[in-house]
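**Q** Let me see the structure of the following:
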Amino acid sequence: MLDLTQRQWVGYTVLHPFEGFEDMRWKKGGSLKIAMLIVLLGFFAAVAHDRLCGFQFRTVSSRDFSIIPYIAGTIVVFAAWVTGNWSVCTLLDGEGTMRNICIYSAYSLVPFITQAYINVLLSHILIREEQIFMQLITLAGTLWSVIMLCSAVRAVHQYTLGKTLLAILLTIAAMAVMLCLLVLVLSLLQQIWLFICTIYTELTYRIRV
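**A** Numbering: from 1, shown residues only. A predicted model of the protein is given here:
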């Protein structure tokens, strides 16, 4: 097996998604710091895609900017994936730890994140009629990340292909449940906050009167 440094594992898994994650598992490769850096780059890629694209390809108004949707769409979704996959695969006798799931999943995002940065650069070079090239790059990066993610789940938990696909489907279902619960909790907290503000305003008014 290969003896690679932590940074080299990223490129090796991208170029060899099927044996790369298996080798990384047995060699105990992968870095949590690099994984967190990849997720952070994914967050910046989401922002860049909406805010730094050429004006011909920009679909979001530059006046309306909130960082919350980008955090929710990248970091929160990734955390939900890791938590959901660990929860589901624990029930399915998976061998992966939450740390390894986080590392392998983050490495799988590299092609998808890379295509986002490439398209931001191309958006300043190409014209609207040449958008097909950007769409092809998006498709290629997305499909490659999906293949890597399937390979990562299979390697980290030592599943068969069928069990890997089942685990991914159950993980998506678990993510949907967790995100729905998160929305309900945030809504409840907002209602509690509004109630406290109303009580405070009423008490302040009566004290002054």
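**Q** Tell me the buried residues in stretch 156-171?
**A** Buried positions in stretch 156-171, judged by neighbour count with 16 or more other CB atoms under 10 Å: Val156, His157, Tyr159, Lys163, Thr164, Ala167, Ile168, Leu170, Thr171. Yep, even glycine has a C-beta here, placed from its N, CA and C like the rest.
**Q** could you dump the residues you listed to CSV with distance to Ile118 and pLDDT?
**A** Shown next, in CSV, are the buried residues of stretch 156-171 (distance: CB to CB, whole Å; pLDDT from 0 to 100):
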residue, distance to Ile118, pLDDT
Val156, 28, 92
His157, 31, 93
Tyr159, 32, 91
Lys163, 34, 93
Thr164, 29, 93
Ala167, 31, 93
Ile168, 26, 94
Leu170, 33, 95
Thr171, 28, 94
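**Q** Flag the shaky bits of the protein, pLDDT-wise.
**A** 1-4, 59-64, 209 (pLDDT under 70).
**Q** Let's see that with 50 instead.
**A** 1 (pLDDT under 50).
**Q** Name the residues of stretch 74-83 that come out as buried.
**A** Quick answer for stretch 74-83 (16+ other CB under 10 Å): Thr74, Ile75, Phe78, Ala80, Trp81, Val82, Thr83.
**Q** of all these, which comes closest to His124?
**A** Taking CB to CB as the measure, His124 lies nearest Thr74 of the buried residues of stretch 74-83, at 22.9 Å.
**Q** where does Gly29 land in three-state SS?
**A** Here Gly29 is recorded as coil under DSSP: H, G, I helix; E, B strand; the rest coil.
**Q** Does it touch Gln6 like I think?
**A** Yes: counting by CB atoms under 8 Å, Gly29 does reach Gln6; the two are 6.7 Å apart.
**Q** what touches both of these two?
**A** Common contacts of Gly29 and Gln6 (CB atoms under 8 Å, 6 or more residues apart in numbering): none found.
**Q** higher neighbour count, the two?
**A** Gly29 (23 against 14; other CB atoms under 10 Å).
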